[in-house]
Each structure stands twice: as C-alpha cells, then as structure tokens.
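[1] For reference, the sequence and a predicted model appear below.
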Amino acid sequence: MTNKYKSVLVTFILLTSLVTTTVYAADFSFERNLSWGMQDSDQVRQLQEFLTEQEVYSGPINGNFYSLTYRGVRAFQQKYDINPVSGYFGPMSRTQANALLVANTPAAVSSNVVASEPTTTAAVSLETLQARVNAAFEQTTELQKRFSQYKKPRATTTVPTNPSDTTPPVISGLSNDITVRKSKTWSWNSESGATFRFLIDTTSNSSPSGSFSSVTTATRSTGTGTYYLHVQARDTAGNTSGTITVSVVLDNTAPVLSQITAVPLTGTNTTPSYTFKSTEKGTITYAGDCTSGTSSAISGNNTIVFSTLAVGTHSNCTIRVTDVLGNRSNALAVSSFIITGLSGTSTPPPSPQVGEIYLNAYTTAYTYYDNTPPGSADISHPIIHQKAGGTGTYADPITIAVGHSIISGQDILDYPAGTKFYIPNVRRYFIVEDTCGDGNTPQNGPCHTGFPSGTTTWLDMWIDGQSGTNAQADNCASAVTDLNGEVHVAIKNPASNYRVVAGPVFQNGSCTQQYGNTAVTQ
C-alpha cells in the first residue's frame, strides 16, 4: 500500500475512533435531588445546561440554585405536567429529565460512520476511500456538536453570578411611640414570603441575631425606661434588610412614699395635719381611721389635713398614691397618735378677756417666694420688725398682712399697723405690719373683699419659707389656708397668756401642726 493510501486510512481509523469515544463519553443521568440554596454544584450546572436545552432557562451556568434556576425548574414541571409545580427538582422531575436524555442519545456511531462495504480489498480505489473518510469526518463533526452539551463538566472554580433579585425587603408598620406606657405590643410586615428576626433591649444600636421566622409581633410589659425594638427581614431570594429600630418609654414603677412630718404623738387637735413625700404625682387614697378632702399628690412633699377624728388612739391610718398609669404605691403607715381633747392641766377655754374681740376669720398665708417683690421679706408698715418675721410669742409676734383702701390719696388699713392678733389654729401671736392688695384701688381686691361667707375678715399670715423650697412653702401655705371655707377664730387685742408654739409657721421644710379653734391658756 502506498504512503498516500496509508495516510488516508490512518486518518479514517482515527476519526472513527474519535466519534466512538465522543458518543460513549456523553452518557450521564441525574442521580440526586436538587433544591433551592445549593451553591457551586456540578449537578446544578448540568441541570442548568439541560434546562437551557429544554428552552425553559436563560440564566447563567454557575452551579447556584436560586430564583432563576427555581423558575426554570417550575417551567420544566409545567411543560411536562409534573405535579406539584414546586420548583424542587425531585424524583418525578429527575425521571422525566433522564427519559429525555435517553431518548435524545444517538445510535451507535459505527453503524452510521463505517460503510457496509468491505474495506480490505486491494481493489478499493483511493478516491473511494477518500470519500468514505470525508463522510465519516462530516458525521463526526455533527455528532460532536450534538453531544458537546451533554458531556459531564469538569470540576472548575466558578465565580458566582449575582442573582437578578438583589433588592432587600422593606419593613412596614413600625414607628417610635412617644406615649409613656406600662406595656407595648408592636406589629410589622413586609413583602409576601418574608421572614423576620427581632430583639428588644435598652440599647439603641443593637441588631438581632439568630434564625428568621414568620413571627410579626412582639410585646414588652415589664421594666421602666426606654426600650428599643430591632427588626430585620429576609425575602425568598435571600436578601436581608437593614435593622429597623423603634423606641418606647415604659413605666412600671409605683410611687414611693415616705413620712416627713408625723402627727404629734398626743394632742387635742381633732383635724391634725400630716406631711409625706411622694416620688410621683398621682391620686391619694386613705384607709383606716383617717380621711381627707385632699385627693391629689404632687411629686415632692405633700401636707394634708385629716378630717375630724374622734378622741382616742389612731394607729391604723394608711396612705397610698396611684400614678397616672395605674402603678400603685405600697401603703404608707401613718405613725400612731392620740387625740386627748383638752389637757387635764389646762384651764377651760376662757371667755373673751377685757378688750379682746373674737373674729370669724378667713386665714391665708404668704411666703418669701410670693411676697411683693418676690424673693424678699419686705413689708409696708414696719412696727417691731424692719423685715417680715417674728417667733409668734406675745413679745415677738409674727408679721401679718391685712386689707387696705386708698381713699382721696390716703392709704387706710383695715386694722391699724401694730394691731395684735392671736390665732388658736397655729398657736401664735401676730402683728399688723404689712398690707395685701395692690394697685390704685386695693379695696377692690384680696384681703379687703372676697372672703367666704361666714367670715368677717381676711388675715394673711407671714410663714417665711426661706428654710425650704418654693414648693414646700407653697404646700404649707395651702395647708393653713381655708380653701374649703372653714372658719378660723382670730382674737383681736389678745391677752398675753395663750399657749404658744414658738417659731416660724414653716421652718426647715416642715409646716406647723394645726390645733383647731380652741384658745388654750398657758
């Protein structure tokens, strides 16, 4: 055989071998289930190639099973009536795919490529052999094209392609709550299929961790202070939102009460005063023997006057304060006290002594803080004192202000400066050294007119207040003022032998005890 024939024959044999090898190298099938979330998988690449051939997938061949592959599987299932149409490449989908692969595998190459005519006869011409080789080459080329998409991919490192859906979900329904509450329930939502995770704490910049779930509500019903809810969402494509943080202020702390000025252990006053402190404002409730017309408490010191009590021991009085959110304090026990009536060593209430005048007076009080000018002890008609003051004894009576009138340019006091009074309710002597009522016609204002029915005069006691806060002094002024219209006895031109509790009406943050209208001699 000539070299030319040998060359053509060798070429023919090699091409035939190449075709046969290509046919058998293309044989494969889907042997495992494929699902959402698989990454860099050869089986997923084969699936993506197969779905591309089936014209139901146009995405990248990257081995990642996400939204595009998921939709391709669903389209394949719909195309071949595979139920359910779930996007899960399971047994039924694999069976259908493998059947299609088998149906599309070409017949044995040897029967199509190699001619049935004998090739060992020496009489075969060079031209015939060349024609057969050319035909084999054309068939080999066609088979290589058909089977190239089915050959098993080699293990390669593939850079993942970003999925088409990269937009994070948006959380709705949350905002800061500016109302102080005992408890708070939040609700939120996002796009269909989204899942969530959340965290409640007292830090504004936290982030939730852990697994996502379908829970869309959260509640906080304990604690006091600012609490923060932090929420994240994840959609079906795996995109995670940023953290949404909202706040609320909770108050589950009840007011705390403490005793400031107790009722004296023994005394004759059947309407004693009592001072306690509350850490919050709220509504006062009473229990035991004690009641009062005062029903509101402020944050700070509160002076109350108990309603008329019977003579005897009172050891069961309690006070509570409930704040605006319903947090109720523990019961504050009022220290036990005894009302004895008149002391056995005291003389009976005297009849008016020579020169005395008993008045039904409306008594009020003014302080260092609300004097004219404010923050001073200035007085208009000094007699004993250059500034408002006094200890309440007969020799050193406390400054008192009275009404006055300006008539024809002349200032006329309702009671002349230097007039003395004794007020049994506070057991102190007073002296007229100041006026109340301002302007050109003070006779039309306080102290001269406007006192309640049943009273005949208005006396405004100086109680100082510099030894405490403005609020404390104001509370004391309210305590000794007859806001309920109760009449107090005031003795004009009093004798010098009445019982005295010396000192300012208000001192060191505390208000004097009240003793009622009975004048007791020493």
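    Received, thanks. On a predicted model such as this, the values are computed, not experimentally measured, just so you know.
[2] Any idea how far the helix or strand hosting residue 473 is from the middle of the chain?
    Taking DSSP states H and E as the criterion, residue 473 maps to helix 470-480. In terms of Cα atoms, centre = their mean, to the nearest Å, the centre of helix 470-480 is found 35 Å from the chain centre.
[3] Stretch 32-47: end-to-end distance?
    Using Cα to Cα, to the nearest Å, the end-to-end distance of stretch 32-47 comes to 11 Å.
[4] and that stretch, which residues are buried?
    34, 36, 38, 41, 43-47 (16 or more other Cβ atoms under 10 Å). Just so you know, the C-beta spots here come from the backbone N, C-alpha and C atoms, and that holds for glycine as well.
[5] for residue 95, helix, strand, or coil?
    Following DSSP: H, G, I helix; E, B strand; the rest coil, the label given to residue 95 is helix.
[6] Return the distance of it relative to residue 77.
    12 Å (Cβ to Cβ, to the nearest Å).
[7] Mind jotting down where the helices sit in this protein?
    All helices of the chain, identified by DSSP state H, fall at 3-25, 42-53, 67-79, 91-103, 109-113, 126-147, 470-480.
[8] residue contacts, residue 369?
    The neighbours of residue 369, taking Cβ atoms under 8 Å, 6 or more residues apart in numbering as the test, are 375, 465, 470, 473-474.
[9] out of those, which are buried?
    Looks like the contacts of residue 369 have 465, 473-474 buried, using 16+ other Cβ under 10 Å.
[10] hang on, the earlier thing: quick one, which of residue 95 and residue 77 is more surrounded?
    A direct count of neighbours by other Cβ atoms under 10 Å for residue 95 and residue 77 places residue 77 higher, at 22 against 13.
[11] That one against residue 85, yeah?
    Yes - the pair residue 77 / residue 85 is scored as a contact, 4.6 Å apart, by Cβ atoms under 8 Å.
[12] The residue lying closest to residue 214 once chain neighbours are set aside: neighbouring residues, count only.
    Spatially, and ignoring its direct neighbours in sequence, residue 214 is nearest to residue 195 (5.8 Å; Cβ to Cβ, 6 or more residues apart in numbering). A count of nearby residues for residue 195, using other Cβ under 10 Å, gives 18.
[13] Ok, residue 174 next?
    For residue 174, the count of nearby residues is 15 (other Cβ under 10 Å).
[14] Ok, residue 28 next?
    Residue 28, neighbours per other Cβ under 10 Å, totals 13.
[15] per-residue confidence at it?
    Residue 28 carries a pLDDT value of 73.
[16] if we can go back for a sec, touching, the residue nearest to residue 214 and residue 234? I think so.
    Yes - between residue 195 and residue 234 there is a contact under Cβ under 8 Å: 5.4 Å.
[17] which neighbours do these two share?
    residue 212.
[18] where in this structure is pLDDT low?
    1-27, 105-133, 135-137, 139-163, 340-351, 482-486 (pLDDT under 70).
[19] Would you mind splitting it into its domains for me?
    The chain breaks down by automatic domain parsing into domains covering 3-147, 184-250, 257-339, 357-511.
[20] JSON lines please, covering the ones you listed and showing distance to residue 168.
    Listed next are these as JSON lines, based on distance: least, Cβ to Cβ, whole Å:
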{"stretch": "domain 3-147", "distance to residue 168": "14"}
{"stretch": "domain 184-250", "distance to residue 168": "4"}
{"stretch": "domain 257-339", "distance to residue 168": "38"}
{"stretch": "domain 357-511", "distance to residue 168": "54"}
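[21] Of those, which is nearest residue 170?
    domain 184-250 (6.2 Å; Cβ to Cβ).
[22] how long is the closest one from one end to the other?
    End to end - Cα to Cα - domain 184-250 spans 8 Å.
[23] what does stretch 233-252 give?
    For stretch 233-252, the first-to-last residue distance is 31 Å (Cα to Cα).
[24] Pull out the buried positions in that stretch.
    The neighbour-count check on stretch 233-252 (16+ other Cβ under 10 Å) flags 233-237, 241, 243-246, 248, 250-252 as buried.
[25] Between those, which sits nearest residue 273?
    Of the buried residues of stretch 233-252, the one sitting nearest to residue 273 (Cβ to Cβ) turns out to be residue 251, at 30.6 Å.
[26] Tell me which residues touch that closest one, please.
    180-182, 224, 323, 325, 327.
[27] out of those, who's nearest residue 356?
    Comparing every one of those with residue 356 (Cβ to Cβ), the shortest separation belongs to residue 323, at 49.2 Å.
[28] Spatially nearest residue to the closest one, not counting backbone neighbours?
    Nearest non-adjacent residue to residue 323, counting by Cβ to Cβ, 6+ apart: residue 282, 4.2 Å away.
[29] Who are the contact partners of residue 516?
    Listed by Cβ under 8 Å, 6+ apart, the contact partners of residue 516 are 268-271, 424-425.
[30] The residue lying closest to residue 324 once chain neighbours are set aside pairs with what?
    Excluding the flanking residues, the one nearest residue 324 by Cβ to Cβ, 6+ apart is residue 282, at 6.6 Å. Per DSSP bridges, the residues bridged to residue 282 are residue 297.
[31] returning to what we had before: dump the buried ones among the contacts of residue 369 to a markdown table, plus distance to residue 414.
    Shown next, in a markdown table, are the buried ones among the contacts of residue 369 (distance: Cβ to Cβ, whole Å):
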| residue | distance to residue 414 |
| --- | --- |
| 465 | 24 |
| 473 | 25 |
| 474 | 25 |
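[32] Quick check: of the residues you listed, which lies closest to residue 360?
    Nearest to residue 360 out of these is residue 474 (Cβ to Cβ; 25.6 Å).
[33] Surely the closest one is in contact with residue 367?
    Yes - at 7.0 Å, residue 474 and residue 367 qualify as touching, with contact defined as Cβ under 8 Å.
[34] send the alpha carbons of stretch 62-78 over as CSV?
    The C-alpha trace of stretch 62-78 is given here as CSV (Å, rounded to 0.1, in the frame of the first residue of the first chain):
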residue,chain,number,x,y,z
ASN,A,62,-23.0,28.9,37.6
GLY,A,63,-24.0,25.9,39.8
ASN,A,64,-26.0,28.1,42.1
PHE,A,65,-29.7,27.1,42.7
TYR,A,66,-31.6,30.4,43.3
SER,A,67,-34.5,32.3,41.8
LEU,A,68,-33.7,31.9,38.1
THR,A,69,-33.0,28.1,38.4
TYR,A,70,-36.1,27.8,40.6
ARG,A,71,-38.2,29.4,37.9
GLY,A,72,-36.6,27.2,35.3
VAL,A,73,-37.5,24.0,37.2
ARG,A,74,-41.1,25.2,37.6
ALA,A,75,-41.3,26.0,33.9
PHE,A,76,-40.0,22.4,33.1
GLN,A,77,-42.5,20.9,35.5
GLN,A,78,-45.3,22.9,33.9
